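J.: This is a predicted model, with the sequence first.
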Amino acid sequence: MRVAMWSGPRNISTAMMRSFGARPGAAVVDEPLYAHYLSATGLDHPGRTEILASQPADWRAAIDDLLAPLPPGVTLQYQKHMTHHLLPQIGLDWLGEVTNAYLIRHPASVVASYSKVRGEPTLEDLGFPQQVSIFRRYPGPVVDAADVLRAPDAVLPRLCAALGLPWDPAMLSWAPGRRDTDGVWAPHWYAAVEASTGFAPYDPTPPVVPPRLSALVAAALPLYDELAGHRIR
C-alpha cells in the first residue's frame, strides 16, 4: 500500500511520519515535491540549494520515484506531502494510484504558528484551498491534529482501519533522533521532532492570532470546516 498524507504547514505532519515509520515493513518519503516547488516558484527557503540537489526538480521524475516498485520487505510506503507543494502544473492522475489521507488543523492554530516564522502568509501558503480541492477529487480519511494529540491511542487505530491497515501499537512511540529518510531541511525544522519519542500532549491554550491576520483565519475556516466534517474522531 502507498499512503499519501496531505497536510498544510505548521501541523503535526512530521510526527505523523514518525508514527507510520515506526511500523515494521514501512518506508516513509518526506515531502517529495519540495524541490519542484522551490524550482518552480523561485522561493528562497532555508536549505534551498541542498533541497534542490537532493530531489528531482521535475515533478514527473518525483512521481515516477514514488510509484516505483518498493524494496523487498516493504509493505507500506507513507508519503508525507505538503498541499501547497502540489502546484497547478502537476498532473493529478497519479493520485488515483495511491491511498490519499488528510491531516488538518484549525486555521487559528495554523495562522498563530505560521505568523511566527512568516509575517504575512496567504491562504495558499496555508494549503487549505489545495487540500479541499484534492479531497473533493480523491476523498479519503481525514484526521485533525488536535484529535490525534488528545487521544492518539484512539484516533490512530481508527485511521488505520479507514486506510485498510491493521493497527500496530508501535505507531504510538518511536526512538528519538534524526532519520536517513528525513529531508535535508531537517536541521532547520525538525529539532522538536528529533527530541520526541511520541506525540506531544495536547495543549488547550487558545491560539493568539495577530489582529491583522484575523481575516485570513476567517477565509480559511469554511475550507477547514468542510474537511473537519469528515474527520475521524
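T.: On my side now, so go ahead.
J.: Break down this protein into its helices, ranges please.
T.: 13-21, 34-41, 48-54, 59-67, 107-114, 123-126, 128-137, 145-150, 152-163, 186-189, 191-195, 214-228 (DSSP state H).
J.: what's the offset of the second one from the middle of its chain?
T.: Its chain's C-alpha centre lies 17 Å from the corresponding centre of helix 34-41 when counted by CA atoms, centre = their mean, to the nearest Å.
J.: Likewise for the fourth one?
T.: Relative to the chain's own centre, helix 59-67 is displaced by 18 Å; criterion: CA atoms, centre = their mean.
J.: any residues touching that helix, and which ones?
T.: With contacts defined as CB atoms under 8 Å, 6 or more residues apart in numbering, helix 59-67 is touched by 2, 29, 32-33, 35-36, 55-56, 77, 79, 87, 89-91, 94, 97-98. Where you see a C-beta, it was placed from the backbone N, CA and C, and this is true even at glycine.
J.: neighbours around the residue nearest to Leu70 when sequence neighbours are not counted, how many?
T.: Nearest residue to Leu70 in three dimensions, chain neighbours excluded: Gln77, at 5.8 Å (CB to CB, 6 or more residues apart in numbering). Other residues within reach of Gln77, judged by other CB atoms under 10 Å, total 21.
J.: low pLDDT regions in the protein?
T.: 119 (pLDDT under 70).
J.: if we can go back for a sec, surely the residue nearest to Leu70 touches Arg2?
T.: Yes: counting by CB atoms under 8 Å, Arg2 is a contact partner of Gln77 at 4.5 Å.
J.: Nearest spatial neighbour of Leu92, chain-adjacent residues omitted?
T.: Arg137 (6.8 Å).
J.: distance of Leu103 from Arg137?
T.: Computed as CB to CB, to the nearest Å, the Leu103 to Arg137 distance reads 18 Å.
J.: swap in Tyr224?
T.: From Tyr224 to Arg137 the distance is 18 Å (CB to CB).
J.: Counting neighbours, go ahead and name the busier of these two.
T.: Neighbours per residue (other CB under 10 Å) separate Tyr224 from Arg137, with Tyr224 holding more: 22 against 11.
J.: how many neighbours does the residue lying closest to that one once chain neighbours are set aside have?
T.: Sequence neighbours aside, Pro107 is the residue nearest to Tyr224 in space, at 5.2 Å (criterion: CB to CB, 6+ apart). By other CB under 10 Å, 26 other residues sit near Pro107.
J.: these two touch, right, Pro107 and Val217?
T.: Yes: using CB under 8 Å, Pro107 is in contact with Val217, at 4.9 Å.
J.: Thanks a lot, see you next time.
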